[in-house]
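In: Give me coordinates for this.
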Amino acid sequence: MTSKELSADLRTALDGVLEKAADRGEWDVLRAHAEMRFAAGEPAKEGKAAGPGTKTRFGMIGDSPAMRALYDLLAKVAPSSVPVLIQGETGTGKELVAKALHANSPRAKKRLLAENCAAVPENLLESELFGHKKGAFTGAVEDRAGHFVAADGGTVFLDEIGDMPLTMQSKLLRVLQDGEVRPVGSNVSKKVDVRVVAATHKDLPQAVKAGTFREDLLFRLNVITLYLPPLREREGDIRMLAQGLLPGICAEVGREATLTEGALEALEAWSWPGNVRELENELRRAVALSDGTIRAVDLSPRLTAAV
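Out: Presented below is the predicted three-dimensional model:
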């Protein structure tokens, strides 16, 4: 529909909104809201996933009460810029939540950069996050912008924040307090505007008591906490996830496959300590080993024993 096809009353209302935005100098705010509402906000709409009977929202599959509660909180939190702490067991999909927060925010047009704090050695983590100057250390052959500078205006996702070394925690705290980063080997700080989303499978209050996590950093990160439930708490979602994930896994493996009712019942009977990641790997195994029809006997012995 073009502007000429708009009804007269709608054009009048729209003109009034635009005039008020101009008078108040709120063009940028209005534009950001429109982009968030009609572009980045699309993943938040309920729809059908690739598999039969699967519902998606925020790019995630599931319609259990626990997931609906998460979706409702995501819808409220995403448009803001406050720090968010995502808590959940390994394999639950915490990075998907971080991506949803970014995609449904006014920052969606800027970059989302992620770092696993448990996977990078401490001496390199500072450089990855804050950048470095040429010659700052062996191998630093040129200046490099870290994630906080490269994602300026966007989002930085710090996965497994509970495994960040204490010395790095203090440096991160300074960045969150001052809104400035100083590259390794430099004495000049740079202002940055970054939303920080952190995730962990650890009990951070307990880590504070144990002396392995700074309490002041926890207060900075824990403005809003999103809890991502494990599969065992997502009643009805295992079947939906299996059917929704299967088409993509089939394309990845290069084979077509379908799930029988017996296979679905076996999947639902398992406790899934590895959560969605374990379910994905189980489906990959089944697709590779089956003749195109995945039956309960095609699943791992530990699953069939639970039926």
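
In: what's the neighbour count on residue 82?
Out: Residue 82 has 10 neighbouring residues, counting by other CB atoms under 10 Å. Where C-beta positions appear, they are placed from N, C-alpha and C, glycine not excepted.

In: which non-adjacent residue is nearest the spatially most central residue of the chain?
Out: Centroid-nearest residue in the chain, with CA atoms, centre = their mean: residue 98, separated by 2.1 Å. Taking CB to CB, 6 or more residues apart in numbering, and ignoring the residues beside it in sequence, residue 98 has residue 157 as its nearest neighbour in space, at 4.2 Å.

In: Now the helix or strand encompassing the one you found: buried residues?
Out: Using DSSP states H and E, residue 157 sits within strand 155-159. For strand 155-159, burial by neighbour count (16 or more other CB atoms under 10 Å) applies to 155-159.

In: can you check stretch 240-259 too?
Out: Using 16+ other CB under 10 Å as the test for burial, stretch 240-259 gives 240-247, 249-250, 257, 259.

In: just stretch 103-119 next, same as before
Out: 103-108, 110, 112-117.

In: Point out the ones among those residues that are inside helices.
Out: Among these, the residues falling in helices (DSSP state H) are residue 103.

In: Using TSV, lay out the buried residues of stretch 103-119 together with pLDDT and distance to residue 192.
Out: Putting those into TSV (pLDDT from 0 to 100; distance: CB to CB, whole Å) gives the following:
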residue	pLDDT	distance to residue 192
103	95	21
104	95	22
105	95	16
106	95	16
107	96	13
108	95	18
110	95	11
112	97	14
113	96	12
114	96	16
115	95	15
116	95	21
117	94	18
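
In: ok, the buried residues of stretch 103-119 vs residue 271, which is closest?
Out: Minimum distance to residue 271 across these is 25.8 Å, recorded for residue 116 (CB to CB).

In: Can you give me every residue that contacts the closest one?
Out: 159-160 (CB atoms under 8 Å, 6 or more residues apart in numbering).

In: one step back: next step: the buried residues of stretch 240-259 restricted to strands.
Out: Among these, DSSP state E puts residue 259 in strands.

In: Considering the buried residues of stretch 240-259, which is situated nearest to residue 94?
Out: residue 241 (15.8 Å).

In: Can you give me the neighbour number for the residue nearest to residue 212 when sequence neighbours are not counted?
Out: Using CB to CB, 6+ apart and skipping residues adjacent in sequence, the residue nearest residue 212 is residue 166, 7.2 Å away. If you count neighbours by other CB under 10 Å, residue 166 ends up with 12.

In: ok, residue 166 - contacts?
Out: With contacts defined as CB under 8 Å, 6+ apart, the neighbours of residue 166 are 212-214.

In: distance of residue 274 from residue 125?
Out: As defined by CB to CB, to the nearest Å, residue 274 lies at a distance of 26 Å from residue 125.

In: which of those two has more neighbours?
Out: A side-by-side neighbour count of residue 274 and residue 125, using other CB under 10 Å, places residue 125 first with 23 against 17.

In: and whichever strand or helix holds that one with strand 155-159, angle?
Out: Assigning secondary structure by DSSP H and E places residue 125 in helix 122-130. If you take axes from the mean of the first three to the mean of the last three CA atoms, to 10 degrees, helix 122-130 sits at 160 degrees to strand 155-159.

In: Now the helix or strand just after helix 122-130 - C-alpha only, CSV.
Out: Remark: after helix 122-130, the chain's next helix or strand is helix 147-150, criterion DSSP H and E. Taking C-alpha atoms only, helix 147-150 is exported to CSV below (Å, rounded to 0.1, in the frame of the first residue of the first chain):
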residue,chain,number,x,y,z
HIS,A,147,34.4,-6.3,20.5
PHE,A,148,33.3,-3.3,22.6
VAL,A,149,34.6,-0.9,19.9
ALA,A,150,33.5,-3.0,16.9
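
In: tally of neighbours for residue 215?
Out: For residue 215, using other CB under 10 Å, the count is 13.

In: Reduced to three states, what does the closest residue to it other than its chain neighbours come out as?
Out: Among residues not flanking residue 215 along the chain, residue 208 sits closest, at 4.7 Å (CB to CB, 6+ apart). Following DSSP: H, G, I helix; E, B strand; the rest coil, we place residue 208 in the helix state.
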